[in-house]
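Asks: Structure, please.
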Amino acid sequence: MSKLTLTLTQHLQRHSTQPVLKDAATQEWYTGGELAADVDQLKDQLRGLKVGHGDHVLVALPNVPVYPVLIQAIWELGAVVVPVAGTTTVEDLHRRMQQRVFAAYVVTPELLNAAVTAVSTVTRLQLNTAPELTLVRDLAVTGHVAATPTEADPALRLTVAQAPVTLTYAQLQRDVAATVATYQLTATDRTLLVTALTQQEAQLALLATRYVGGRVVVTQQFTASQFWPQVTDNQITHVSLRPLRLAALLRLADPSGLSTLRFMPEPASVPAWDRALRYRVSQADRRDSRFINPQKKAIMRGNAPRTAGMTPGAG
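Replies: Next up, the predicted model:
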């Protein structure tokens, strides 16, 4: 088992009776034990469908509680996760199916008919984190035996700037470690997951928080009016956001609270074209600093250390 998947497994084991993941839509917390049970059930089903080492699994879901356990289950079999937007159209799904061979699909109900072919099997599961989850297995694709992945094996295949990017377990481990170090994440942190898990920074925010034993709050979609209440109500300490969204949120924020924000760029290991800006809620070191990100897309006001990649703005 790769170091990353081993750590994720241990995270659930150590917190078997403690809440570790929250669904913002239902306000329900899930314990490590409940998540581990879902991982085991998903692994059993996928293994039975002969999805294993090196096989690609397309996932087209919004940010929902089952997403993290689905990723973990696929990885523990040595398969590759290919996340695409939950809003993917039927035409886009068919295009992807023609471009790459997928052994299995986990998609929204709206895409189910598009993913099913004449030689597919459909399995419906009831999980702690999902009242119904559908697995589609393309029997025209020869699956592989499940096997423990090595650090050099591919784990995640993303689309960045319209180009495919494949990350191995070793690369993910490196980026997760960099994220933990850069944002000084600990087991006391709570991460609000608002960026879609099709984005690299969202994956790193999720994995890094779990890596250190923190808690995650999952939101299905970004809503500016609900963002600050979610931060307050859930005692959020860490978020990854795209600059334009952050600029809009700061216009909605109470200026008196901005002194508790600290803005940071992504670690250098994250490709420049896929970097986001994050913030932590922390004790203020300075007040009334103003910073602008390198792309000049958003001006941010708050407590921000002079970190490489961020330039002080006027004022």
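Asks: helix/strand/coil for residue 57?
Replies: Counting by DSSP: H, G, I helix; E, B strand; the rest coil, the backbone at residue 57 sits in strand.
Asks: And residue 71, by the same measure?
Replies: Here residue 71 is recorded as helix under three-state DSSP.
Asks: State the distance from it to residue 81.
Replies: Computed as C-beta to C-beta, to the nearest Å, the residue 71 to residue 81 distance reads 5 Å. All C-beta spots, glycine's among them, are computed from the backbone N, C-alpha and C.
Asks: Show me whatever sits in contact with both of the two.
Replies: The contact sets of residue 71 and residue 81 overlap at residue 59 (C-beta atoms under 8 Å, 6 or more residues apart in numbering).
Asks: residue ranges with poor pLDDT in the stretch 1-150 of the chain?
Replies: Nowhere does the stretch 1-150 of the chain drop to pLDDT under 70.
Asks: Where do the strands of it begin and end?
Replies: Counting by DSSP state E, counting those that start in this stretch, the stretch 1-150 of the chain has strands at residues 19-23, 28-31, 56-60, 80-84, 104-107, 120-125, 133-138.
Asks: would JSON lines of those with distance to residue 177 and mean neighbour count be doable?
Replies: What follows is the strands of the stretch 1-150 of the chain, written out as JSON lines (distance: least, C-beta to C-beta, whole Å; neighbours: other C-beta atoms under 10 Å):
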{"stretch": "strand 19-23", "distance to residue 177": "20", "mean neighbour count": "20"}
{"stretch": "strand 28-31", "distance to residue 177": "26", "mean neighbour count": "17"}
{"stretch": "strand 56-60", "distance to residue 177": "24", "mean neighbour count": "23"}
{"stretch": "strand 80-84", "distance to residue 177": "20", "mean neighbour count": "23"}
{"stretch": "strand 104-107", "distance to residue 177": "28", "mean neighbour count": "25"}
{"stretch": "strand 120-125", "distance to residue 177": "33", "mean neighbour count": "13"}
{"stretch": "strand 133-138", "distance to residue 177": "31", "mean neighbour count": "22"}
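Asks: among those, which is nearest residue 245?
Replies: Residue 245 lies closest to strand 80-84 among the strands of the stretch 1-150 of the chain, at 19.4 Å (C-beta to C-beta).
Asks: Show me what the closest one is packed up against.
Replies: Applying 3 or more C-beta pairs under 8 Å, 6 or more residues apart in numbering; DSSP states H and E, we find strand 80-84 packed against strand 56-60, helix 66-76, helix 90-99, strand 154-160.
Asks: I'd like to check the angle between the shortest one and strand 133-138, please.
Replies: Strand 56-60 and strand 133-138 are oriented at 140 degrees to each other (axes from the mean of the first three to the mean of the last three C-alpha atoms, to 10 degrees).
Asks: so how far is strand 56-60 off the chain centroid?
Replies: Taking C-alpha atoms, centre = their mean, to the nearest Å, one finds the center of strand 56-60 at 14 Å from the center of the full chain.
Asks: repeat for the longest one
Replies: With C-alpha atoms, centre = their mean as the basis, the distance from the averaged C-alpha position of helix 66-76 to the chain average is 11 Å.
Asks: ok, now the last one?
Replies: Taking the mean C-alpha point of strand 154-160 and that of its whole chain, the gap between them comes to 12 Å (C-alpha atoms, centre = their mean).
Asks: Which other helices and strands does that strand contact?
Replies: Under the contact definition 3+ C-beta pairs under 8 Å, 6+ apart, strand 154-160 sits against strand 80-84, strand 163-168, helix 169-183, helix 200-211.
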